[in-house]
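Enquirer: sequence unknown, structure follows:
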């Protein structure tokens, strides 16, 4: 993530706190469509997110998945951004139950730094609990918006 992105990386329009999905691919598609809706990626990026998942699961544990595109998808990234979708009913993710999906769009290898920061946030019980339980989009922005 570029320094100037701090705070602008998570658009409130890319936060959905009560999403439902028919399955893993549908959940990933919704994460990608949220990135598309805020102008962070072009349409082909969503397909590369699904490709990435087919080659390696983006499930990271504790009911969280962090879908992102393949290297080939970098060309479709217009700016670094996150999407945050919570699935209160859960989504079957290759036998695991996912309730939080954080989509990443990052140019270059920016997703590596973002993944590290997200891991730190998710390992913090207080912040992780807020992400799982809040009904306020601003809470999510406050926790994830500074990821840069």
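Expert: All right, it came through fine. In this text, all values refer to a predicted model and were calculated from it rather than measured experimentally.

Enquirer: make it CA atoms for all contacts and neighbour counts henceforth
Expert: OK.

Enquirer: Mean pLDDT per helix and strand in the protein: which one sits at the bottom?
Expert: Every helix and strand in the chain was compared by mean pLDDT, DSSP states H and E; the lowest is helix 110-123, with a mean of 85.

Enquirer: Just name whatever secondary elements it is in contact with.
Expert: Applying 3 or more C-alpha pairs under 8 Å, 6 or more residues apart in numbering; DSSP states H and E, we find helix 110-123 packed against helix 125-133.

Enquirer: any idea of the angle the least confident helix or strand of the chain forms with helix 125-133?
Expert: With axes from the mean of the first three to the mean of the last three C-alpha atoms, to 10 degrees defining the directions, helix 110-123 sits at 100 degrees from helix 125-133.

Enquirer: Can you point out the buried residues in helix 110-123?
Expert: Using 16 or more other C-alpha atoms under 10 Å as the test for burial, helix 110-123 gives 111, 114, 115, 117, 118, 121, 122.

Enquirer: okay, those in a markdown table with distance to residue 13 next?
Expert: Output for the buried residues of helix 110-123, formatted as a markdown table (distance: C-alpha to C-alpha, whole Å):
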| residue | distance to residue 13 |
| --- | --- |
| 111 | 21 |
| 114 | 20 |
| 115 | 21 |
| 117 | 21 |
| 118 | 19 |
| 121 | 21 |
| 122 | 22 |
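
Enquirer: what two of those residues have the greatest distance between them?
Expert: Using C-alpha to C-alpha, the two most remote members of the buried residues of helix 110-123 are 111 and 122, lying 15.9 Å apart.

Enquirer: Which parts of the protein are strands?
Expert: Under the criterion DSSP state E, the chain contains strands at 10-16, 59-61, 64-65, 81-93, 96-105.
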